[in-house]
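[1] when you get a sec, could you give me coordinates for this:
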Amino acid sequence: MKKGVIVALAVVAFVFATSLVVKAATPDDAKAMVEKAYSYYKANGKEKAFSEISNPQGQFVKGDLYVFVQDFTGVNLAHGGNPKFVGLNHSGLKDPDGVYFIKEMAEVAKGKGSGWVDYKWVNPTTKKLQTKATYVKRIEGSDSYMACGVYK
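    The predicted structure follows:
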């Protein structure tokens, strides 16, 4: 009887502990977040959308996922991860390998309209340099794009 209770408690503890593990975001999650933000933009307009995107407690921030918006010159227009970035020009940012990833994002948005850009960046959770894949999508009728990335 005692052994059965111990086994049952161990099973309950294991199930509880595994439910606490945070599921890592996937590329599909990042793309879905951009598509959701884009739909919100189309339905509510630029001003309301950019305000909601820049809200750290808003619907476009989930765990380590957040949407940001840049114009083609590199100026940040909205940022869920750090609203203080709004208005700053990030075109000169490069990763340790010399990849000007903001410029690459703009080129993908200008060219294909949407796609992925890989670069290295410090993961704020692990504090380690990791490869990050960011999905970008041009905002139709503008010289800007929405984006969201995941660490690989």
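[2] C-alpha only now, for contacts and for neighbours.
    Fine.
[3] how far away is P27 from P83?
    Here P27 is placed at a distance of 23 Å from P83 (Cα to Cα, to the nearest Å).
[4] hmm, I typed the wrong one, I wanted E107.
    Noted for E107: a distance of 24 Å to P83, by Cα to Cα.
[5] got it, and K31?
    With the distance defined as Cα to Cα, K31 ends up 21 Å from P83.
[6] so for the helix or strand hosting E47, mean pLDDT?
    Taking DSSP states H and E as the criterion, E47 maps to helix 46-53. Averaged over helix 46-53, pLDDT sits at 98.
[7] going on from it, what's the next piece of helix or strand?
    Later in the chain than helix 46-53, the nearest helix or strand by DSSP H and E is strand 61-62.
[8] what pairs with that following strand, parallel or antiparallel?
    Using DSSP bridges, strand 61-62 pairs in its sheet with strand 65-66 (antiparallel).
[9] I'd like the next helix or strand past the strand it pairs with.
    strand 68-71.
[10] mind listing the strands that next one pairs with, and their directions?
    strand 76-79 (antiparallel), strand 144-151 (antiparallel).
[11] can I get these in JSON lines including mean pLDDT and distance to R138?
    Output for those, formatted as JSON lines (pLDDT from 0 to 100; distance: least, Cα to Cα, whole Å):
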{"stretch": "strand 76-79", "mean pLDDT": "98", "distance to R138": "13"}
{"stretch": "strand 144-151", "mean pLDDT": "97", "distance to R138": "4"}
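[12] out of the ones you listed, which is closest to K42?
    The closest of the strands paired with strand 68-71 to K42 is strand 144-151. By Cα to Cα, the value is 12.4 Å.
[13] residue ranges for the helices of the chain, please.
    Secondary structure of the chain, counting by DSSP state H: helices at 2-20, 27-44, 46-53, 101-111.
[14] the shortest one to helix 27-44, inter-axis angle?
    Translated: helix 46-53. Put simply, helix 46-53 runs at 140 degrees to helix 27-44, going by axes from the mean of the first three to the mean of the last three Cα atoms, to 10 degrees.
[15] for the remainder of this discussion, apply numbering that starts at 12.
    All set: I'll call the first residue 12, so the last point we hit is now helix 57-64.
[16] other residues contacting helix 57-64?
    Helix 57-64 has contacts (Cα atoms under 8 Å, 6 or more residues apart in numbering) with 48, 51-52, 69-72, 78-80, 88-91.
[17] appreciated, that's everything.
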